[in-house]
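Enquirer: any chance you can model this:
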Amino acid sequence: MTGLVILLIIVGVVFLSFIGIYNRLVSARNRFKNAFAQIDVQLKRRYDLIPNLVETAKGYLKHERETLEGVIKARNAAMDASNRASASPGSPEAMKGLSEAEGALTGMLTRFFALSEAYPDLKANQTMSQLMEELTSTENKISFSRQAYNDSVMNYNITREKFPNTVVAGMFSFTAAELLEATESAEERKAPKVEF
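Expert: Model prediction:
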């Protein structure tokens, strides 16, 4: 009789431990999904600003139609990738697609801004100035949100990989989440060369 009680207590403790592990995994997964939702909000804001920038610049950049169309095309591709990533945050394919699309958009925006520098009237335009300021602010928010998301993903993955958590994670299909890599190209990450 005493042996049966001890066995029931051990089974109860193991069962409660599994419940605790499961709940920690669910909490960690929900935290990284919430962190991605914060990125998504900022990305949508960014996507909404871009058409306004292009419209403002159209009158000044009449001969630069290819660049303007490229920016809109890259924006639309990034929006599609963002929607796929929103449907499954942490998915390696979705995060890779989003990183690539955001990298392409960043490249087109860099080209757009470099081009706009050659047009003093455009640089002096108040609306363009405000939109560029808003976009810069949004880019900073995206960076902070990406960092929070990556921290949450790291915590989730660590929680998931610890023993005995890995057993529970395997039983209930808690798959590894993917980090959202920076979208800058290797060229953009290089330190500027200063010559005197």
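Enquirer: just checking, what packs against the helix ranked longest in the chain?
Expert: In terms of residue count, the longest helix belonging to the chain (DSSP state H) is helix 2-58. Judged by 3 or more CB pairs under 8 Å, 6 or more residues apart in numbering; DSSP states H and E, helix 2-58 is in contact with helix 65-87, helix 92-116, helix 126-161, helix 165-171. C-beta coordinates here come from the backbone N, C-alpha and C atoms, glycine included.
Enquirer: now mean neighbour count, mean pLDDT and distance to V54 too, for the ones you listed, in TSV please.
Expert: Below are the helices and strands packed on helix 2-58 laid out as TSV (neighbours: other CB atoms under 10 Å; pLDDT from 0 to 100; distance: least, CB to CB, whole Å):
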stretch	mean neighbour count	mean pLDDT	distance to V54
helix 65-87	17	93	5
helix 92-116	19	92	8
helix 126-161	16	93	10
helix 165-171	15	95	45
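Enquirer: and L16, which of those is closest to it?
Expert: helix 165-171 (12.4 Å; CB to CB).
Enquirer: how confident was the prediction at K193?
Expert: We have a pLDDT of 44 for K193.
Enquirer: what's the mean pLDDT across the longest helix of the chain?
Expert: So the average pLDDT for helix 2-58 ends up being 94.
Enquirer: what separates it from the chain centre, distance-wise?
Expert: In terms of CA atoms, centre = their mean, to the nearest Å, the centre of helix 2-58 is found 15 Å from the chain centre.
Enquirer: Y156 and R31 touch, don't they?
Expert: Yes - Y156 sits in contact with R31 when judged by CB atoms under 8 Å, with a separation of 7.0 Å.
Enquirer: apart from its neighbours in sequence, what residue is nearest V168?
Expert: I21 (4.4 Å; CB to CB, 6 or more residues apart in numbering).
Enquirer: and the one you found, how many neighbours?
Expert: 22 (other CB atoms under 10 Å).
Enquirer: ok, now which ones touch it?
Expert: Shown in contact with I21 (CB atoms under 8 Å, 6 or more residues apart in numbering): P164, N165, V168.
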